[in-house]
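**Student:** please work out how this folds:
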Amino acid sequence: MNEEPEVVVLDDIKSTKVLKCPTGTAHLGELWATPSAPAINTYTLENDDSKLGEDQFTTETGSNLRMTYFEPNTVCGMHRTSSVDYNIIMDGEVYLQVPDGKGGITETVCRRGDVVIQRGTLHAWRAGAEGARWISVLVGAKKVVDPSGKELPDVLL
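**Tutor:** Purely as a prediction, here's the structure:
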């Protein structure tokens, strides 16, 4: 009979990084990351990936799990990463801002329970009057390529 491996429970209290935005402050909490897919499911101290996401915004061939909190009325600038991002809005109201292709910006309101999927798109966030909190899973992806075949660079905050 095979025995199940020992289950390891890690402390889920993580400090957040403070990100000063043009208006207001955002807090990013890196919860977990994996360096590759498929990920290794056997936990050892040697393959403890819990701190991997603290050093990089995305993992090129793996995944990152992040909690984001925007203080009320915070706006952070346009950014793009080579990743597919699954954003699940947990509390508050946040406005997804994307270029409209005509030199302007289109906003979409996102509320608790909404899911926003970003596929390497240039975008920004603007929190509502009560702030907003969401969880994101970022999965490494190839760089975005424009219609002429040119790779578009990541744009970080």
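**Student:** per-residue confidence at Ser50?
**Tutor:** On pLDDT, Ser50 comes in at 62.
**Student:** show me the shaky parts of this structure.
**Tutor:** 1-2, 5, 7-15, 43-57, 157 (pLDDT under 70).
**Student:** where along it do the strands fall?
**Tutor:** Secondary structure of the chain, counting by DSSP state E: strands at 17-20, 25-34, 63-70, 75-79, 83-99, 105-111, 115-119, 123-140.
**Student:** what packs against the shortest one?
**Tutor:** Meaning strand 17-20. For strand 17-20, the contact count by 3 or more CB pairs under 8 Å, 6 or more residues apart in numbering; DSSP states H and E identifies strand 25-34 as packing neighbours. C-beta: built from backbone N, CA, C; applies to glycine.
**Student:** what's the strand it packs on packed up against?
**Tutor:** Counting by 3+ CB pairs under 8 Å, 6+ apart, strand 25-34 packs on strand 17-20, strand 63-70.
**Student:** what residues of that strand count as buried?
**Tutor:** By neighbour count with 16 or more other CB atoms under 10 Å, strand 25-34 contains the buried residues 26-34.
**Student:** please name the bridge partners of Met67.
**Tutor:** Taking DSSP bridges, one obtains Gly29, Ile135 as the residues bridged to Met67.
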